[in-house]
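> the sequence and its predicted three-dimensional model are supplied below.
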Amino acid sequence: MSIVQIGLIVLVLALVVGRRLTGRPLDTRRSVVLPGVLAVYGLVTLQKAGTLTHTDQAWLAASGAVSIAFGLVRGMTVRLYERDGYLWARYRPSTLALWAASIAARFAVEAAAVASGAGRSAMTSSLMLMFGLSLAAESLVVLPRAQASGVPVMARS
């Protein structure tokens, strides 16, 4: 993984978490598009890592399952509230704790994968894909909760 990729990952994570910590109007389009873009970028990066072995594939599936599970649980912790007649979303301290736990789990899964014979390049190259999957899973929980709230979502201008 290059310095540019690491910088991009840190920047995206800081922007996503930072904006969601302060609260923001819920944007259904961004809740779908951003995870999709990250996942596609992650797939492209993973493809450039080379041919995947069966061990790589198994560990990538496990890593994906962990990322999705953390995203689903994290989605339940997002605070939805009305502000100025529109629905807003904000991360809670428990949401941040889940982010920290998911990052630790990611390192643990990668270490276990490499120790069992998976390629380090395959595992590190999948980081953006896993980030996208986690955000998509979070949105799968937040968006139905938003719809059930009955509070209007701000239209993009």
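Perfect, I can see it now. What you see is a predicted model, and the numbers here were worked out from it, not measured in a lab.
> contact partners of the helix or strand of the chain with the lowest mean pLDDT?
Lowest by mean pLDDT, DSSP states H and E among the helices and strands of the chain is helix 3-22, with a mean of 80. With contacts defined as CB atoms under 8 Å, 6 or more residues apart in numbering, helix 3-22 is touched by 34, 38, 45, 78, 89-91, 95-96, 99, 127-128, 131, 135. Backbone N, C-alpha and C define where each C-beta goes, glycine included.
> narrow these to those in helices?
Members of the contacts of helix 3-22 lying in helices (criterion: DSSP state H): 34, 38, 45, 95-96, 99, 127-128, 131, 135.
> weed out the non-buried ones from the contacts of helix 3-22.
Buried members of the contacts of helix 3-22, counted by 16 or more other CB atoms under 10 Å: 34, 38, 45, 78, 89-91, 95, 99, 127-128, 131, 135.
> could you dump the residues you listed to TSV with distance to residue 154?
TSV is the format used below for the buried ones among the contacts of helix 3-22 (distance: CB to CB, whole Å):
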residue	distance to residue 154
34	17
38	23
45	33
78	16
89	11
90	15
91	18
95	21
99	25
127	31
128	28
131	25
135	20
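> next, the buried residues of the least confident helix or strand of the chain.
9, 12, 16, 20.
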